[in-house]
Every structure is written in C-alpha cells, then in structure tokens.
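Participant: Give me a 3D structure for the following:
(one chain, ligands or ions: 1)
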Amino acid sequence: MLAFAVFGHLNHSLSQETSSLTNLPPKRVLLLFGEVMSLPGNVMFEQAVRAELQKTCTNRIEFFTEDLDSARFPDEEQFRVFRNYLNRRYARNRKPDLIIAFMGRNFNLATDLRRTIFSTEPFLFVAATEVDIPNDLAELGLTGIVQRLDSVGTLKLMLRLQPETRRVVIVGGVSDTDRLFLRRIEEAARSFDRLSFDFWTNRPIAELPAAAASLPENTTILLSSVRRDVTGQAFYMIQAEQMLTPVSSAPIYTFGGGLIGGGAVGGSVIDTEVLGTRVAQMGRPALDGLPITNQPVEIRTNGTPMVDWRALKRWQISESSLPPNCVVHFQPASIWQEHRNLILTVLAVFLAQGMTIAALLAQRARRRWAEGEIQRQRAELAHATRVSTAGQLASALAHELNQPLGAILRNAEAAEIFLQQPNPDLDELRAILADIRKDDQRAGGVIDRLRSLLKRRNIEHDSISLTDLLQETVNLVQPEAAARRIRLALDLPARLPTVKGDRVQLQQVALNLILNGMDATESREASARQVTVSAREAPDGAEVAVLDLGAGIPADKLPRLFEPFFTTKPNGMGMGLAISRTIIETHGGKLRGENNPNGGATFRFTLPVNGV
Ligand code: ADP
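Facilitator: This next block holds a predicted model:
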C-alpha cells in the first residue's frame, strides 16, 4: 500500500460496526489495503471512509478490512494466497455492496481482483502511486482516485519555511516504487536551480544516521520512499524516519501524511483522511444500489501542506511563515481549548460586571440629564416670571421712556427754532445737543436694563458688586414705585462685599421682593407706603433685606409663602418667592420672610461672600 503510511500502535478494530439501529438489512463494505492496515495513514483512511459512509446511510453498515502487506509479502505467490482467501471469504456468499482498495505501489490489487473474483461488485480504488494509469480501467468497471506525489509543493513549502536552504539531501530506496518516486523528485528538482540536490539512494540505510548527523547548515533532508535499500532490506518509511530524525543535524521533509508526527517537519503530503472521505463520497450511491462506475477517475497532483508543530519549534521555524491552508498537527492545546469553561465563566462575570457598570453609568447619565433638565426648566420658569415682572413694570417703564423721548423732542424743536435765527447762538445749540445726548442715554439705559432682564440666557457665575446690583434694581423699579406713590429707599453702607453668582437672577430676586413689598403697602395710608432695601455684611455672608410697612403676613400663611403657586393676589402667579428661594439656594444662600415687630414684613437673603 501507500509507501508513506506510517506504522503505529493504533488499535485496529475489525469491521461489523453499526451506523444505526434500524432493522434494514446491513450493507457490506470491504476495505482492502495493499500495505499493512495498522499503519497510521491506513487507519486514518479507514476512519474517514467509515465516518463519511455512516453519516448518510440509514442502513447498518458492516465493514470488513483486509490487507496484503505487500512490503513484507511482495511476491506473486503471496498475492495468489490473498486472492484465494478473499474469494473464499467474500466472493461466494458474503458479497460486498462496495469494495474500496487502497494501494500504494500500482493498480494490480484492484485490476487483478476485478478480473478474477470481484467482477461485478461496485469497486473503487485509491492509488497513491507514480505509475501510469492503466487504459482498461473503464472497461473493467473500475474508477477511483489517483494521488500523485507533490514534490514541487513539498520543496516549495521547505523553502517557504526555511528560505536559507541551499542543499537538499534526498533519502530514497531502490525498489521499483522507490525509483519512480526518485524520478519525480529529480524532475521537480530541475525547477529549483537555487538548490543543489544530493541523492543518498545507493547507501545502506543503516549508514545514513551517522551521515545525517554531520550535515552542514542550510541543508535539509527530503525523505522519499524507502521500501528497500541497496542491501535488499525491506523498510516502512516510518522506520527510516525514526532512524534519522533523532540524530539528524538537518530538518527532514517528506510526502507522507502519516509521517507527520514521527519527527519530520512536514511537506505537501498525501492526506489519507482527505482521500478516504472523497472515495467514500464516490462510493456512497452503491449502498443504494446505484451505479458508481460512471464517475471519472480523479487525478490529484496537489498534496496537503502539513507540519508538526513540535518540529517547527525544534528547528526554530516561525509559524508566521506557514501557508494559510497549512494543517498544523501536535500543537499544544491553547489556553482557550484547555480552560474553555473557566474562561467562559470569567468572561461571564466580567460581562455581568460590565453590564452593571454600564447600567450605573446610564443611570448616572439619566440623573445628570434630569438635573440638567430641571436646571433648564428652572431657568425657563425664571425667565417666564421675569417676563411677567417686566409686564408689571411696563407702564412705569413706558413712562420712564417717554420722559427722555419727550425731552429729546422738545430740545430738537428748540434747536430748530434757534437755527432759524440769522445768528444762532452756538453755545446754546451745543447745550441743547448735550441735553439730547443725555436724554438719549437715559432712555437707552432703561431699555438696556429691561433687555438684560428679559434675555433668555444660561446661568453665569460672575463676581458681582452688590451695591451696583441693588442700585440698578432700584433704578429699574423706581418709576413703578413713583407711579404707585410708594417711597422706595435704598440704604447701603459705604462698602459692601462682592458676591459670586448670576447677575440677572439675583436682580430678579431683589425685584420680586421689592414688588411684593410694594404690593403689600399698596392699600396702606400714605405714611406706610414705603419699601426700604438695605444690605450689610453679616456673619454668614452678605445680607440683603427688603422691608415694607405693609399689612404683614398672616400667621397661617407664613409656612406656605415659598410654595410654588401660593398666592393671595387676584392676579398673582405664586411663583416669585418659590423661584427666588431656589435662586438664592443655588447660590449657596438662604431666603427668609418674617413679620416686623412694628408691622409690615421683611424678606432677607444672604449670599456667600466673594471678596470686598
Ligand atoms: P405672587 O406675588 O405672584 O403672589 P409670590 O411667590 O411672590 O407670588 O408671593 C406669594 C405670596 O406671599 C403672596 O401672594 C403674598 O400673599 C405673600 N407675600 C409675599 N411677599 C409679601 C410681603 N412683603 N408682605 C406680605 N405678604 C407677602
């Protein structure tokens, strides 16, 4: 059989396995091997055939396996004995439904048995040989697979893994089969002119280990077929491999898939597993009684790139140089393969942890968004109340604007009259223009104050002078106070600390408190129509107080003043104090309201100090 198959101690189980438990009559498959069937290459072949056939066949399949062991029984007489034996066993009353012959030397096993004892049974062969394909295969009703040696592929792989190679030593035998292989290698060698080839074919195998031990650098050994050496001793290739690899100073390449594992680095090898699977596919219809000989003979010239991972390490060959389709055997199980469950558990824990963290982050993001949203809504509401406050001030402000505008008009008219005179008094005209400018600035100031109050804006954190802030607020509301005949007083010390915060918001608070104070005094007699804004430096920051002499706050209303929408006024919104308190608290201060001992109420707020 296959010259490359390797011996091994794999247990060879004899046929009669079942593929299913159905009651259909069993199908018989006879596997014939030219070489001894316990060689690993043969075992792999047999397993592949079984697996492939059992995959799809619902019948029970009985497998019968026989070998000729032609390496040790090469003569014609032995072949006759084998044929008779098969004839007795199978040809008469145990006819196979499918015969597959796996041969390494020539086609004789198949063609002879076809002509003599199995003339009608569906019969396939796999021949891993270099001999010419007989012409009468079709006539004999034989088909199958012919696998050729991939010498070029093996030499290419060798150069890919070890580009520094300069010399290749070919180890081969002298049998007919051996010589055929050597001829193929010689042919292939011609296309590798960078390499020198050294044929160790006429030396007794026993001499070779010593010679291989002292090979120089950049040399490799290509182990060809060694069925018989010059001394006439019969070999299996694995024996040659085992003699050489332990001592060789050069890496060994080969063609036999079964040799991968015996110390060789690799090669573009004959992969018996692939051959077994394919020939089983070709034979599968026979188990359903369908013809199979209509399929043409498949000729394969490519091998399967295959390496032994341990040999790569021994010769320090990088795995990165392997071709992409290369089969790597004997690679230690990766951490993943060995600890799959542990890794999965750890990953699951990480995943769970990750998900929890993600959930917490999402929650935080949601909370931040909600906080941002509250902030935004507050600002919106504050703006709305400012607009409503501005509405309250509108008529007073219109009046405030009318005054300068009226003055401007009057001054302009006066200027026109002056200009009609033959000699206008220029000094007078200049004075008029200065007045116009002053009035214009006054009107512009009113508009600016109103605009800054109504502007929709983000909260800012500026350093603010309380003096300026309160002054400005009082200026803004003064016209309204005057219109309502309420005295609005501002009582400030010479120096006040600055505070940090949002100018417009703080102004809004002051405005609210002043307007509320004015509302409270509205119905009072003239002497009580007074609101006083004062500020001082207090122990917990700066304090602003808005005092009125109004009706005061009824005791039962006191706890509810700062609730949103609490109002006692027919057109009140009830948001002023609620918003004011929020504003002051976001500035780090406090807002309180209380009744004065002598009537009226005082609202005061504190703010942390920024500096004087
Ligand atoms: P609004 O002014 O729209 O009613 P506020 O929140 O500013 O809303 O005021 C809520 C309520 O607090 C007022 O309706 C009023 O009853 C009471 N209040 C506020 N300031 C004073 C004050 N200076 N004197 C008496 N009561 C006041």
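Participant: going forward, measure contacts and count neighbours with C-alpha atoms only.
Facilitator: Noted.
Participant: The residue nearest in space to the middle of the chain and the ligand: what is the separation?
Facilitator: Centroid-nearest residue in the chain, with CA atoms, centre = their mean: L351, separated by 13.6 Å. According to CA to the nearest ligand atom, to the nearest Å, L351 and the ligand sit 52 Å apart.
Participant: CA atoms of stretch 500-512 as CSV?
Facilitator: This file holds the C-alpha atoms of stretch 500-512, laid out as CSV (Å, rounded to 0.1, in the frame of the first residue of the first chain):
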residue,chain,number,x,y,z
LYS,A,500,-20.4,85.4,43.2
GLY,A,501,-23.3,84.5,41.0
ASP,A,502,-25.7,85.2,38.2
ARG,A,503,-26.4,88.9,38.0
VAL,A,504,-29.8,88.7,36.3
GLN,A,505,-31.1,86.0,38.6
LEU,A,506,-30.0,87.9,41.7
GLN,A,507,-31.6,91.0,40.3
GLN,A,508,-34.7,89.1,39.8
VAL,A,509,-34.8,88.1,43.4
ALA,A,510,-34.4,91.7,44.6
LEU,A,511,-37.0,92.8,42.1
ASN,A,512,-39.5,90.2,43.3
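Participant: picking up where we left off before, surely the residue nearest to the centre of the chain is within a helix?
Facilitator: Yes. Counting by DSSP: H, G, I helix; E, B strand; the rest coil, L351 is found in a helix.
Participant: so what's it up against?
Facilitator: Counting by CA atoms under 8 Å, 6 or more residues apart in numbering, L351 touches no other residue.
Participant: mind checking the SS state of R485?
Facilitator: Quick answer, by three-state DSSP: R485 is coil.
Participant: Tell me the pLDDT of it.
Facilitator: If you check R485, the pLDDT there is 92.
Participant: surely it meets R529?
Facilitator: Yes. Using CA atoms under 8 Å, R485 is in contact with R529, at 7.4 Å.
Participant: between these two, which one's more packed in?
Facilitator: With neighbours defined as other CA atoms under 10 Å, R485 and R529 compare such that R529 has more, 23 against 14.
Participant: Kindly report the residues of this protein close to the ligand.
Facilitator: Residues of the chain found near the ligand (CA under 6 Å from any ligand atom) are 516-517, 520, 552-553, 561, 566-569, 572-578, 601.
Participant: Please spell out the PyMOL selection for the buried subset of the residues you listed.
Facilitator: Remark: buried members of the residues of the chain next to the ligand, expressed as a PyMOL selection using 16 or more other CA atoms under 10 Å:
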select buried, resi 516+517+520+552+553+561+566+567+574+575+576+577+578+601
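Participant: List the ones among the residues of the chain next to the ligand that fall in strands.
Facilitator: Among the residues of the chain next to the ligand, the members falling in strands (DSSP state E) are A601.
Participant: And the nearest residue to N595 once chain neighbours are set aside, how far from N512?
Facilitator: Once flanking residues are discounted, N595 sits nearest to A601: 4.1 Å by CA to CA, 6 or more residues apart in numbering. Applying CA to CA, to the nearest Å, the value for A601 to N512 is 14 Å.
Participant: confidence score at G444?
Facilitator: Value for G444, per-residue pLDDT: 82.
Participant: How many residues are close by F64?
Facilitator: As a burial measure, F64 scores 18 neighbours (other CA under 10 Å).
Participant: and it, backbone torsions?
Facilitator: phi -120, psi 140 (degrees, to the nearest 10).
Participant: From here on, call the first residue 161.
Facilitator: With 161 as the first residue, the last one maps to F224.
Participant: after the host helix or strand of V434, next one along is what?
Facilitator: V434 belongs to helix 432-443 when assigned by DSSP states H and E. Sequence order places strand 458-460 as the next helix or strand after helix 432-443, per DSSP H and E.
Participant: In that next one, which residues are buried?
Facilitator: Buried-residue list, strand 458-460, by 16+ other CA under 10 Å: empty.
Participant: I'd guess L666 is in a strand, am I close?
Facilitator: No. Read with three-state DSSP, L666 is helix and lies in no strand.
Participant: Where does pLDDT dip in the stretch 611-760 of the chain?
Facilitator: Within the stretch 611-760 of the chain, the stretches with pLDDT under 70 are 613-619.
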